[in-house]
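Student: Make a model of this:
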Amino acid sequence: MPMLSRSKLLRSALLRSKTRFGGFGSPKDHEPAWIERWSANRREGQDNLDWFFRLFNSTRIYETFLKSSPRFYGFIVWFSILGGYTWSRMWDHIWDYVNQGKLYRHNPYVYPIPDDDE
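Tutor: Residues are numbered from 1 along each chain as shown. Now for the predicted structure:
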């Protein structure tokens, strides 16, 4: 074995081989060619919902609120609180509109005029 490690052939093979810092599943590993072609096809302007994606991207909501985890969770919590409150108030207003004049608060008690016994 020591003789093999000293041979010119082995040393030249070791010098020519470069250290690989990547491998299967690493970010430096390339995908198969068909996946590379499929990923390169962005379908820009061909999608039925392209107008929606352009509109959503123009709002910059993703970059502002959804890109980092703490901002995402904060956005979800606050949006849920405000959305739940708004949803509840909307249905309260609809209920009031449909039942106008039938609810207790719409018909306040009017005290009768006191009789003068004089």
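
Student: When you work out contacts or count neighbours from here on, use the C-alpha atoms and nothing else.
Tutor: Noted.

Student: what are the ranges of the helices in the protein?
Tutor: 2-6, 8-16, 33-40, 50-59, 61, 69-98 (DSSP state H).

Student: Mind pulling up the pLDDT for the spatially most central residue of the chain?
Tutor: Centre of the chain computed as the mean C-alpha position; nearest residue by Cα atoms, centre = their mean is Leu66, 5.4 Å away. The model reports Leu66 with a pLDDT of 88.

Student: Now it: closest residue in space that isn't a chain neighbour?
Tutor: Phe72 (4.5 Å; Cα to Cα, 6 or more residues apart in numbering).

Student: Surely the one you found and Tyr62 touch.
Tutor: No: taking contacts as Cα atoms under 8 Å, Phe72 lies outside contact range of Tyr62: 9.0 Å.

Student: Let me know the distance separating Phe56 from Leu49.
Tutor: When distance is defined by Cα to Cα, to the nearest Å, Phe56 is 11 Å away from Leu49.

Student: What of Pro108?
Tutor: Relative to Leu49, and taking Cα to Cα, Pro108 is found at 52 Å.

Student: No more questions from me, cheers.
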